[in-house]
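Curious how this folds, go ahead:
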Amino acid sequence: MSKVSIHPSAIVDEGARIGEGSRVWHFVHVCGGAVIGQGVSLGQNVFVGNKVVIGDRCKIQNNVSVYDNVTLEEGVFCGPSMVFTNVYNPRSLIERKSEYRDTLVRKGATLGANCTIVCGVTIGAYAFVGAGAVVNQDVPAYALMVGVPARQIGWMSEFGEQLDLPLEGQGEVACQHTGARYVLQGRQLHKVVA
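A predicted model of the protein is given here:
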């Protein structure tokens, strides 16, 4: 894999670990405690805090701030200008750095442009958060979430296509693009392993 590409306008603090093949674009700031995997793209004006872990092959688009206590597993997509928070009830005059809440985004999830992920939640694997949504509770794997506050309106395949299934009950369907099969049991969706 190729070496790390860092634009001359970017700031990468001493101690930051960035995996091979990653690209750090214009005006990015990566703090010293950050751990970034291989093949990651950090778009223009991205900020990465000290207590952040970013998995392999994540794509973080322009103007995203990944604050302390955020963990992104492999292959997470963060759309342009989406927002993470790390304090639930911030006040300028009250110190709350000891109250940061952990946010976990599981493998393959998509966070749409301008959405907001309120701290302390887990976004399930391959979940899909629509543009502008505000997520303030845990999101199941493969769930399609939209609105303010975000609510589930469907299910998404790993390929990124909506699946024709109800929100709950029993069912089975194949992704139109890949043929991969998915089984709904109650309010949980699973991919059938061949």
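
does residue 98 count as helix, strand or coil?
Taking DSSP: H, G, I helix; E, B strand; the rest coil as the rule, one finds residue 98 in the helix state.

ok, it to residue 69 distance?
11 Å (CB to CB, to the nearest Å). C-beta coordinates here come from the backbone N, C-alpha and C atoms, glycine included.

Look at the two and report which has more neighbours.
The neighbour count for residue 98 versus residue 69, taken as other CB atoms under 10 Å, is higher for residue 69 (21 against 5).

In contact with that one: list those residues for me.
By CB atoms under 8 Å, 6 or more residues apart in numbering, the contact set of residue 69 is 51-52, 86, 100-103, 119.

cool, and residue 112?
With CB under 8 Å, 6+ apart, residue 112 has these contacts: 79, 82, 128-133.

Out of the residues you listed, grab the one that's most surrounded.
Most neighbours among the contacts of residue 112, by other CB under 10 Å: residue 129, with 27 neighbours.

pretty sure that residue contacts residue 114?
No - between residue 129 and residue 114 there is no contact, the gap being 10.5 Å when judged by CB atoms under 8 Å.

which one of the contacts of residue 69 is nearest residue 160?
Checking these against residue 160 with CB to CB, the nearest one is residue 103 at 21.9 Å.

which residue sits closest to the closest one in space, ignoring its chain neighbours?
Setting aside the residues directly before and after it, residue 103 is nearest to residue 70 in space (CB to CB, 6 or more residues apart in numbering), at 4.8 Å.

tell me the contacts of the one you found?
Neighbours of residue 70 in contact, by CB under 8 Å, 6+ apart: 49, 52-53, 84, 86, 102-103, 105.

Can you say which of the residues you listed are buried?
Those of the contacts of residue 70 that meet the buried threshold are 49, 52-53, 84, 86, 103, 105, by 16 or more other CB atoms under 10 Å.

Out of the contacts of residue 70, which one has the lowest pLDDT?
The member of the contacts of residue 70 with the lowest pLDDT is residue 86, at 92.

what's the distance between it and residue 193?
35 Å.

Ok, residue 27 next?
For residue 27 relative to residue 193 (CB to CB), the value is 43 Å.

ditto for residue 151
Using CB to CB, residue 151 is found at 29 Å from residue 193.

Check residue 7 too.
Separation of residue 7 from residue 193 (CB to CB) stands at 41 Å.

Those two - which one has more neighbours?
Neighbours per residue, other CB under 10 Å: of residue 7 and residue 193, the larger number sits with residue 7, 13 against 6.

Can you name the residues that contact the more buried one?
Residue 7 sits in contact with 24-28, where contact means CB under 8 Å, 6+ apart.

Neighbour count, secondary structure and distance to residue 39 added to these, as TSV?
Shown next, in TSV, are the contacts of residue 7 (neighbours: other CB atoms under 10 Å; DSSP: H, G, I helix; E, B strand; the rest coil; distance: CB to CB, whole Å):
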residue	neighbour count	secondary structure	distance to residue 39
24	25	strand	12
25	19	coil	14
26	14	coil	19
27	16	coil	21
28	22	coil	16
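
Thanks a lot, catch you later.
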